[in-house]
Every structure is written in structure tokens, then in C-alpha cells.
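*Asks:* build me a structure from this.
(chains A and B)
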2 protein chains.
Amino acid sequence: MEIMDSEVNSALKKLGEDDYVVGVDMGGTKILAAVIGSNGQIISRCKGMTRAERSTDEVIDRISHCISESIERANLHKTQIRGIGIGVPGVIDSETGVIIFAPNLRWSNVALKPVLENQFKIPVFVENDVNLGTLGEQALGAGRGVDNLVGIFIGTGIGGGMILNGKLFYGANQTAGEIGHVILKPDGPRCSCGNRGCLEALASRTAISRYVRKAVTQQGKKSILPELNGGDLELVRSRALAKAVERGDKVTAKAIARAQYYLGVGVATVVGIVNPQVVVLGGGLIEAMGENLVSGVYDIAADLALPNAMNGVEVVSAKLGDDAGVVGAAVLACDNLGFT
Amino acid sequence: MEIMDSEVNSALKKLGEDDYVVGVDMGGTKILAAVIGSNGQIISRCKGMTRAERSTDEVIDRISHCISESIERANLHKTQIRGIGIGVPGVIDSETGVIIFAPNLRWSNVALKPVLENQFKIPVFVENDVNLGTLGEQALGAGRGVDNLVGIFIGTGIGGGMILNGKLFYGANQTAGEIGHVILKPDGPRCSCGNRGCLEALASRTAISRYVRKAVTQQGKKSILPELNGGDLELVRSRALAKAVERGDKVTAKAIARAQYYLGVGVATVVGIVNPQVVVLGGGLIEAMGENLVSGVYDIAADLALPNAMNGVEVVSAKLGDDAGVVGAAVLACDNLGFT
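*Replies:* Sure thing, here's the model as predicted:
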């Protein structure tokens, strides 16, 4: 990735030639760590498995290992690393670096920051992973130079992050931007959160899988999706969905169109309330389905939003893919280290 | 109203003993102007009719008259007034003070600020009326000292305003906080904006009137509401609604319960996206129905919001009634005059 200096987020711009930070993106399945240098250049990467089913200590060891390994692969010594930023899928107290609650990791009240700081003797900063993905897209991806930005990431669930007036916005309980749990259809399908008709229950990969499963098993409709997904419809993969649509599978196309419609309603809702300049859509489904899905979401939102509200507002695909989280984590570290 | 100095919004606190500002709240029907002095004390008021059906020049003359009259009633001379703040029901360009679009006034592109500045030789600041109502409630009403606050005002329509990090938040097209047009029921009743199922189409006084009208005229249900509302159900008054509920009118109670439910969904949506500390509900319906309506809205929102999101979040009634707008307009003037 060629980066023009003028386009680089101001926090990353402050990284000098000999300054490095490590960005970590922790998922329920995988850990990605990367050493990032001046102008946001990714110097090295290390991937590992989370093994969330094991003990908290073991999972933290796995994070440490990925960090150390990425530093080694960059031919650096840990004394050359100025800070470490980490994205975790859960509710985080960013000040103390405690993970309050992370269902995918089965963690509650885990003091990640002090444990890693004690181990590495480097300042560590912890933040919600979707917030960091949004920050990464603002720094080097689809939202460069934009002060008011909403990120919506569609996977097995739907996560959201908001940058308002150039800074991550948290709200009273650190839950601002939880766009996946905005209720769009009060009598709709049950969501993982317990409510009905949340965006996540209507447009996530889990929701799409359920819709196709119902059509095939309960309504007897024909679909090539089970075959493309290894015989199973429990949780369909994004690529299988894209392939089924490409081959003209009607059930899958209808399921995607329905998800697209509700994503449009969700974007209209966010635009109605915070009126950002840019909405970034990310995650495997968006990557696999391409621009058609995104432009359709824009059209639906533009149709539903108030006349003025969508003027000049862009709805765009995320650009950094799996790197959004580690780039955002690097921005977090740089911001907090206060490079001048 | 007795005001403790420590509770006064910082902008109003900066008003010295000899500093006065005029706050104006312009509605589609009425104009209210007030002279406001140190600590936010209201010194005098002047009410007038808008007569929006007449020419723009005549309506502006009516505003000027209210301003002059309120200054006279305060026994002041216009040279003693430091600034004038004006709330207008429409989309405003706050920088130029141009009313871009105000449907209730039938105004588009009216340069209110320069016209009044030329006339009074005093700095004039113009802002959306609901934003100023929210600012007024934050300064002296139900949201004192709160940095993240959403105001929802229920009348013939539903307006919203947002204060984030202590400042009014506008978004890319000045339309942030338009909570009345968030879509809660995509297949719901038609809204004034052209879409279906907006909060305004489900919970405004217009929506409640339509619901009762339908029950009475189409479904033949019995209700004492027409009688309490002067024989007419075109647009029911808040007091008639309150009286009908008090007297056990089932159709009206059901209509109010439905509006309350959707207000709860709307509050859950706003809390899900911006997670403010306080949501202030205002307008005639809230004033007439009292705390029962508000606490019911809270319960519904708490039931629908994500577990953590509503922790400590308050849903409260507006406290300033018709004065919220003029107080907010005074805050706007003080903020922009940059008193030190």
C-alpha cells in the first residue's frame, strides 16, 4: 500500500523514523499483531489462534507471544517499541484497560493492560475492537481526513464505532455506536441480546443463514447454498454466499436483498441521528459481495432519510480488510503516547 | 424560579450585572421574546403572533416588535443589550444566520441575521428552535451540568436536539438529532416527510389524533375525546387527551400507550447510538400527561436497550416549559459573544 504523507492520520504522522508501535487485533478465533512504523507502514505481522475456550492466562500468553514474535520479525528489540494498542471484542474501560465483559472470549473483569505492561515494560492501551477498526479506516482506509464517521462491521454479529469531531465517541456507558442492536422491527426475529428485530438479527451473517435455512428446511425451497457451504447451513461463509448469488441462487439473493434493505434502514437511522459525513461498511460479507451491496445500501438509506440529511454523505466499503484493527490499535497507542 | 449560582450554565454565568441578552423563540403560531440578565434571570417577556401566512417582511417586523417591546418592558435601552439569540423551526445555517428551509413559516433562504443586525445594531445569532430548547434545558432545566444530552420535543411533530461533549452537535448537513424521523416501523403509517413509520408518524399529537379518529370513525369505537376536544378530532389538544385518560377513556388510553411504546423504542434507539447521560422529553403532551408517561417511556427503553447501555441514563421531563427556547437562545448569544 502506497501512502501519501498528506493523507496519513495525524497521530500516525507523529511517529518518527525510529518510532514503532505494536497494534493487536484480538478476535474470538484469531489474534493479529503488527509492528507499525513511521507514516503507518506495517513492518511485520504475526497471526495466532485465540483458543478462547482455554484459561484467561493462556489466552493472554498467546497475545504476548504474537506481540513478541511480530517485534522479532521486524528485527527490532522491545526497547524500540514505544507503545502497544490492543483491540478486544467487548466492553472496555479504556482508562484502566480492564475488559469489563467480552462474551466471545468468556472474559469478565480481566485487567489486560497492567498484566501486559508488567511483562513488556511498554505502555499498553486497550479499546473495543470495532472502535479500533473504525479508527483504522479513518487513519488509512475509507474515511481518511473525515471528522464525523460511523463504521458498521458485518460478521456473525454487527458491530459499530463512531468518530465524532475527530475523536472516538463513547457515551455515558461506553456503548455509543452499538448500531447492531438498534431495533428496526420490534416484532422481528430474536437477537443474541435477547430483544427482537435488532439490525444484527436482520442483517448479520447469522441472520442471513437463518433465513436461508428456514426457506430450505421449512418451506422446501431449492438452493445451491448448502452444497457451496460444505453441506451445512448453520453459519454460512461470506464467500459461499457470494458464489451462490453469482450462480443465480434465488433464495440466497433474496436473503441478501433482505439484509441489504435492513442495512439501508440502519444507515438511515444513524444518518438521522448523528448525520456523519461517511459511513464505512466492513466485514467479510461486504468484502465478498463487493460494491453492489454497498451501493444498494446507500440507495435504500437515501430513500428513507430526510431530504437534506444524505446530501454529500458517503456510504463506502472498508479498505483495510483485516488490517483495520491493527492500524486502529496503532493510532490508539500514538494518540495516548501524545507524540509531539 | 430560584436559581443557585453553581447550577447555572457556564455561558449564562458569564453575563455580568449590567449585561443583558434577548432570547427569541419563533414558532409557526407564536413568537416569544425575553430579556435575560445575569445568572439567566428572565427580566421581561413579550409574546406576539407569528402570522406565518403573511409576507416574510411582515413576520420579521413582528419579531422586531417583540424584541423592542421586551427591551422596553425591562426598562432598558437597546444599547444595553449585548446580543440577540433566535430559535427558528427549520434548517438553519448558523454561521450565516440564514434560514435555509422552515416549512411551518413557508420560508426558504431568509437572511434573518443580517436584516435584524442592520436594524438593531446588535449581534444576532440564529439556530434551530429544538436545538435551543435542548440547550435551554441543559442550562437551567432538566439537564443541568450534563455534557451528553438528547432533547425530544413532542408536539404536532417530533423534534430532537443533541448536546455531545457539552456542545450542540450538528452533523454533516445540520440534521443531526432528527429523532422524529427515525424509522421504527418500516411498514407503519405515512409521515409528513414522505416516509413510513417514523417516530413522528407513530407518537406525535398528529399520530395520536389519527389513531383515535380511525378507532372512532372507522371501527365505531366509543370515546369521550371528541366531546372534550370541542367536537373535533382533527388535531387533539394535549389537555383533552389528559382529561380523557383521567376519565377512563379506553380508546385514548390505548392511543397514548401506543405512542408511549414507540417513544420508548425511539429512546432505546438514541441510547443505542449516542448513549447520552440524560434524555429530556418535552412539549405539551409530556406536560399534560405528567410523570407516568415519562417513566413508562423509560421502562420500555430500558427493556429494549442493551444491558449496559441504560445504566444510570435518566429519562426526564423538561422543566422550563415555554421558556426553554428563550433561555436556549440566550445561551446561544452568550456562547457566541464569547464573554470572558
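
*Asks:* what parts of the stretch 151-300 of chain A come near chain B?
*Replies:* Taking C-beta under 8 Å from any C-beta of the partner chain as the measure of proximity, the stretch 151-300 of chain A contacts chain B at A:162, A:164-165, A:169-179, A:181-186, A:193, A:195, A:265, A:268-270, A:272-277. In this view, the C-beta of every residue, glycine as well, is placed from N, C-alpha and C.

*Asks:* isn't residue A:120 right up against residue A:67?
*Replies:* Yes. The pair residue A:120 / residue A:67 is scored as a contact, 7.0 Å apart, by C-beta atoms under 8 Å.

*Asks:* identify the contacts common to those two.
*Replies:* residue A:84 (C-beta atoms under 8 Å, 6 or more residues apart in numbering or on different chains).

*Asks:* neighbour-wise, which of these two wins?
*Replies:* A count of neighbours by other C-beta atoms under 10 Å in any protein chain shown puts residue A:67 above the other of residue A:120 and residue A:67, at 28 against 19.

*Asks:* can you name the residues in contact with the one helix or strand that one maps to?
*Replies:* Assigned by DSSP states H and E, residue A:67 belongs to helix A:56-73. Among residues not part of helix A:56-73, those counted as contacts by C-beta under 8 Å, 6+ apart are A:22, A:24, A:26, A:31-35, A:44-52, A:77-78, A:81, A:84, A:86, A:105, A:107, A:110, A:112, A:115-116, A:119-120.

*Asks:* and chain B, which of the residues you listed reach it?
*Replies:* Subset of those in contact with chain B: empty, counting by C-beta under 8 Å from any C-beta.

*Asks:* same for the next helix-or-strand element following the helix holding residue A:67, what does it pack against?
*Replies:* Per DSSP H and E, the first helix or strand lying C-terminal to helix A:56-73 is strand A:81-88. Under the contact criterion of 3 or more C-beta pairs under 8 Å, 6 or more residues apart in numbering or on different chains; DSSP states H and E, strand A:81-88 touches strand A:20-26, helix A:56-73, helix A:112-120, strand A:124-128, helix A:129-140, helix A:324-337.

*Asks:* now do strand A:81-88 and helix A:324-337, the angle between them.
*Replies:* 130 degrees (axes from the mean of the first three to the mean of the last three C-alpha atoms, to 10 degrees).

*Asks:* any idea of the mean pLDDT in the following helix or strand past strand A:81-88?
*Replies:* Sequence-wise, the next helix or strand downstream of strand A:81-88 (DSSP H and E) is strand A:91-93. Averaged across strand A:91-93, the pLDDT comes to 87.

*Asks:* please point out which parts of the very next helix or strand once past strand A:91-93 sit buried.
*Replies:* On the C-terminal side of strand A:91-93, the nearest following helix or strand under DSSP H and E is strand A:98-102. For strand A:98-102, burial by neighbour count (16 or more other C-beta atoms under 10 Å in any protein chain shown) applies to A:98-100, A:102.

*Asks:* note down every partner strand of strand A:98-102 and its orientation.
*Replies:* Applying DSSP bridges to the sheet, strand A:98-102 is found paired with strand A:91-93 (antiparallel), strand A:107-111 (antiparallel).

*Asks:* show me how far it is from its chain's centre.
*Replies:* How far strand A:98-102 lies from its chain's middle: 17 Å, per C-alpha atoms, centre = their mean, to the nearest Å.

*Asks:* who wins for proximity to residue A:322 among the strands paired with strand A:98-102?
*Replies:* Closest of these to residue A:322 is strand A:91-93, at 20.4 Å (criterion: C-beta to C-beta).
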